[in-house]
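> just to be clear, the model below is a prediction. Sequence and coordinates:
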Number of protein chains: 2
Amino acid sequence: MKILIVEDEQPLLKSITSYFSEENYVCEGVATFNEAIEKVHLYDYDCILLDITLPDGNGLKILEALKAQKKAQGVIIISAKNSLDDKINGLDLGADDYLTKPFHLSELNARVKAVIRRKKFDTNDVIELGNIQINLLQRVAFANQTPLNLTRKELDILLHLIANKNYVVSKSSLAEQLWGDHIDQVDSFDFLFTHIKNLKRKLSGASARVEIKTVYGIGYQLLET
Amino acid sequence: MKILIVEDEQPLLKSITSYFSEENYVCEGVATFNEAIEKVHLYDYDCILLDITLPDGNGLKILEALKAQKKAQGVIIISAKNSLDDKINGLDLGADDYLTKPFHLSELNARVKAVIRRKKFDTNDVIELGNIQINLLQRVAFANQTPLNLTRKELDILLHLIANKNYVVSKSSLAEQLWGDHIDQVDSFDFLFTHIKNLKRKLSGASARVEIKTVYGIGYQLLET
DNA sequence: CTTCAACAATGAGAATTTTCATGATTTACA
DNA sequence: TGTAAATCATGAAAATTCTCATTGTTGAAG
């Protein structure tokens, strides 16, 4: 997951960046209107955190620019508490969520997760990746026309990996996805290993053109092949 | 679950009330400061939705009153969009969440759920009910000192029933609790019946002083005996 | 008071999930 | 490099969860 943080207050920018880096996001932070415009044209992000009160231009302009190119990233607007009317404008212009300062980083985190999820999955009921197709409504997956017969947990893992395609997903992130907040510190990832093994077997058995690469000590990474 | 809605705009009050009734909450709605104060002193609520711009007094006063008596209900403040500074005051005065108009009822619903959950469970790691004890951290349950050996799903069901003690919990509500948003419309509750059966067996087997009463056509209800 | 249809309980078996013991790989570091 | 410790893969067994067929119950309508 890659996010762009547009924020002119340096301390806040730093704390957001370090928080989300900690959460295993790839973060880029910029402090000015021009940098933001440039980044947005050059790279793809999964989510953009946008402070709309920038010194060299109104952040809403960036929102318009984002809408013009139609990439699939989510946008969360951050604003100072005295500019609330921007909320209406921002949401109208296509932002996905809105947060006023001051806020807790955990709240921002929750919203980023929600926005990314919505963007990735909610709109289309069928996900395609390489020769894999997943019908989210029926929760069934195919590789070429043939069903993969994934179990619930296997599908959950696959979806989480697809949502973070090309990025390394930590074991604890996967565990959280599978088990919600039931357990804070999982003492063993045995069950994960097993599910990953079975998932890999089914995928390669159906000659799916994806690879689940294991990243030693960290987690797993899904790549198209 | 019982909630009090304090809101002077009649149409909004009605729509909130009907929405949450639909969601199987017991709702009471009042439109004035005095009514609210009275209700709050007479009854216990799990959550109070509080519009702080009332005609006959500032809603924040109610918050103070709530803090004075220390019942365990959650409070969510609702305010018009131009009174944002109330947010700080409200949260300082002990509100649990804050929402500005206009909002989606589903968002309000999500926050109510979150607040109730936090209030019910997060603070103390051990729940007691009758002769039942549940350690939430280890997720183990006892009746008198002996372990009930509940499985994950059984414990989830029991917790959801305890959270709604004395109220009838619909089957779909339980199913959602067990399965998250995986399935929208469950076609069969067979798995629920089975888990309930096993849970009942384990509870009575350990002579726990609670009863899971089945409410024909609706769901289940947990009572102390 | 019956009868009927919808709903719920039950037990058995199938499928999935989890645990565990063992063996293979990777990495750090001497 | 070589070795040890940590991490991961694997297969089999145990535990849990889910499905299904059957039986029992409930409440509404005649």
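On my side now, so go ahead.
> and the closest residue to A:Phe103 other than its chain neighbours, which helix or strand is it part of?
Closest residue to A:Phe103 apart from its sequence neighbours, by CB to CB, 6 or more residues apart in numbering or on different chains: A:Ile78 at 7.7 Å. The way it works is simple: take the backbone N, C-alpha and C, and place the C-beta from them, glycine included. In this structure, A:Ile78 sits in strand A:74-79 according to DSSP states H and E.
> remind me what that strand packs against, helices and strands.
For strand A:74-79, the contact count by 3 or more CB pairs under 8 Å, 6 or more residues apart in numbering or on different chains; DSSP states H and E identifies strand A:47-51, helix A:59-68, helix A:86-92, strand A:97-100, helix A:105-117 as packing neighbours.
> and the residue lying closest to A:Val112 once chain neighbours are set aside, how far from B:Leu159?
Closest residue to A:Val112 apart from its sequence neighbours, by CB to CB, 6+ apart: A:Cys47 at 5.3 Å. With the distance defined as CB to CB, to the nearest Å, A:Cys47 ends up 33 Å from B:Leu159.
> go on, A:Ser172?
According to CB to CB, A:Ser172 and B:Leu159 sit 23 Å apart.
> of those two, which one has the most company?
B:Leu159 (20 against 16; other CB atoms under 10 Å in any protein chain shown).
> summarise which helices and strands the helix or strand where the more buried one lies is packed against.
Take DSSP H and E as the rule and B:Leu159 turns out to sit in helix B:152-163. On a contact count with 3+ CB pairs under 8 Å, 6+ apart, helix B:152-163 meets strand B:126-129, strand B:132-135, helix B:171-179, helix B:190-205, strand B:219-224.
> so which of those comes closest to chain A?
Across the helices and strands packed on helix B:152-163, chain A has its closest neighbour in helix B:171-179 (9.1 Å, CB to the nearest CB).
> the closest one: how far from the chain's middle?
Centre-to-centre, helix B:171-179 and its host chain are 15 Å apart (CA atoms, centre = their mean, to the nearest Å).
> so what touches that helix?
The contact list for helix B:171-179 (CB atoms under 8 Å, 6 or more residues apart in numbering or on different chains) reads B:24, B:153, B:156-157, B:160-161, B:183, B:186, B:189, B:192, B:195, B:218-220.
> at 6 Å instead, please
When contacts are taken as CB atoms under 6 Å, 6 or more residues apart in numbering or on different chains, the neighbours of helix B:171-179 outside the stretch itself are B:Lys153, B:Asp156, B:His160, B:Val186, B:Phe189, B:Leu192, B:Gly219.
> which of those are buried?
B:Lys153, B:Asp156, B:His160, B:Val186, B:Leu192, B:Gly219 (16 or more other CB atoms under 10 Å in any protein chain shown).
> ok, so of these, who is nearest B:Pro11?
Distance from B:Pro11 was checked for each of the buried ones among the contacts of helix B:171-179 by CB to CB. The minimum falls on B:Gly219, at 30.7 Å.
> up against DNA strand C, what does chain A have?
A:149, A:151-154, A:178-179, A:188, A:190-191, A:193-195, A:216-217 (CB under 7 Å from any atom of the strand).
> report the rounded mean pLDDT for the host helix or strand of A:Val40.
Taking DSSP H and E as the criterion, the element that holds A:Val40 is helix A:33-42. Per-residue pLDDT values over helix A:33-42 give a mean of 85.
> check the offset of it from the chain's centre.
For helix A:33-42, the distance to the chain centre is 20 Å (CA atoms, centre = their mean).
> residues near the nearest residue to A:Leu99 once chain neighbours are set aside, how many?
Closest residue in space to A:Leu99, ignoring its immediate chain neighbours: A:Ile78 at 5.4 Å, by CB to CB, 6+ apart. The number of residues packed near A:Ile78 is 23, by other CB under 10 Å.
> next one: A:Glu64
For A:Glu64, the tally of surrounding residues (other CB under 10 Å) stands at 11.
> one more: A:Ile134?
A:Ile134: 22 neighbours (other CB under 10 Å).
> could you measure from it over to DNA strand C?
15 Å (CB to the nearest atom of the strand, to the nearest Å).
> just A:Asn164 next, same as before
When A:Asn164 is compared with DNA strand C (using CB to the nearest atom of the strand), they lie 20 Å apart.
> what's the answer for A:Asp51, then?
Shown here: A:Asp51 relative to DNA strand C, a distance of 37 Å by CB to the nearest atom of the strand.
> hang on, that residue packs against A:Ile76?
No - applying CB atoms under 6 Å as the test, A:Asp51 and A:Ile76 come out as separate, 10.1 Å apart.
> residues shared between the contacts of the two?
In contact with both A:Asp51 and A:Ile76: no residue, using CB under 6 Å, 6+ apart.
> enumerate the residues of chain A near DNA strand D.
In this structure, chain A approaches DNA strand D at residues A:171, A:189-190, A:193-194, A:196-197, A:200-201, A:214-219, judged by CB under 7 Å from any atom of the strand.
> re the thing from before, ok, and what's touching the helix holding B:Leu159?
For helix B:152-163, the surrounding residues in contact (CB under 6 Å, 6+ apart) are B:Lys120, B:Leu129, B:Arg139, B:Val169, B:Leu174, B:Gln177, B:Leu178, B:His195, B:Leu199, B:Leu222.
> the residue nearest to A:Phe103 pairs with what?
In this structure, A:Ile78 has the following beta-bridge partners (DSSP bridges): A:Asp51, A:Leu99.
> so it sits against A:Thr53, correct?
No - when contacts are counted by CB under 6 Å, A:Ile78 is not listed as touching A:Thr53 (8.9 Å).
> okay, now the domains of chain A?
If you go by automatic domain parsing, the domain ranges for chain A are A:2-121, A:126-224.
> looking at the ones you listed, which has the lowest confidence?
Ranked by mean pLDDT, these bottom out at domain A:2-121, with a mean of 78.
> how far off centre is that one?
With CA atoms, centre = their mean as the basis, the distance from the averaged C-alpha position of domain A:2-121 to the chain average is 13 Å.
> which other helices and strands contact the helix or strand where A:Leu4 lies?
Assigned by DSSP H and E, A:Leu4 belongs to strand A:2-6. Here strand A:2-6 is seen to pack against strand A:26-30, strand A:47-51 when contacts are counted using 3 or more CB pairs under 6 Å, 6 or more residues apart in numbering or on different chains; DSSP states H and E.
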